[in-house]
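Asks: predicted coordinates and the sequence they were generated for:
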Amino acid sequence: MTPTTGTGRARPGRRPVLQLRLGDVWLPICERSALIPGRGVAALLPDGRQAALFLDRAGRSYAIDNRDPYSGAQVLSRGLTGTRDGRVFVASPLLKQCFDLETGRCLDDDSVAVTVYASRLTDSILTDRSE
């Protein structure tokens, strides 16, 4: 499949890439082809943390901390995704708590949340330092 622009025209030599914002810098994390809607992917960040990356069927990307705050295990990328009351979530594969992919809030316990990372899909692997 050849990457396209927003108008549907092919962009030779470019592939869609998921980027995360860390501080004021957007970093390329993985190619879009590594993401399957409804399934997570774990990524190691430059500071040693892990992010759980998700893509929904509409093509929106999400990124949260991969660490399950209840068990301490790096497993949220392996959880099942779904929706509850219009909120997209991932359920921890261990203890089944659900985490909102937009806010990081645990839908089962308001006092618990995971870090959310700003994410975007771009058509270039170059790091973009602007919004």
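Replies: Perfect, I can see it now. No experiment lies behind these values; they were computed from the predicted model shown.
Asks: show me where pLDDT drops low in the chain?
Replies: Within the chain, the ranges that satisfy pLDDT under 70 run 1-13, 124-131.
Asks: ranges for the strands of it?
Replies: Secondary structure of the chain by DSSP state E: the strands cover 17-22, 25-31, 41-44, 50-55, 61-65, 80-84, 87-91, 98-100, 116-117, 119-122.
Asks: so what's the closest residue to residue 61 other than its chain neighbours up against?
Replies: Nearest residue to residue 61, sequence neighbours excluded (C-beta to C-beta, 6 or more residues apart in numbering): residue 119, at 4.4 Å. All C-beta spots, glycine's among them, are computed from the backbone N, C-alpha and C. If a contact means C-beta atoms under 8 Å, 6 or more residues apart in numbering, then residue 119 has 18-21, 53, 61-63 as its contacts.
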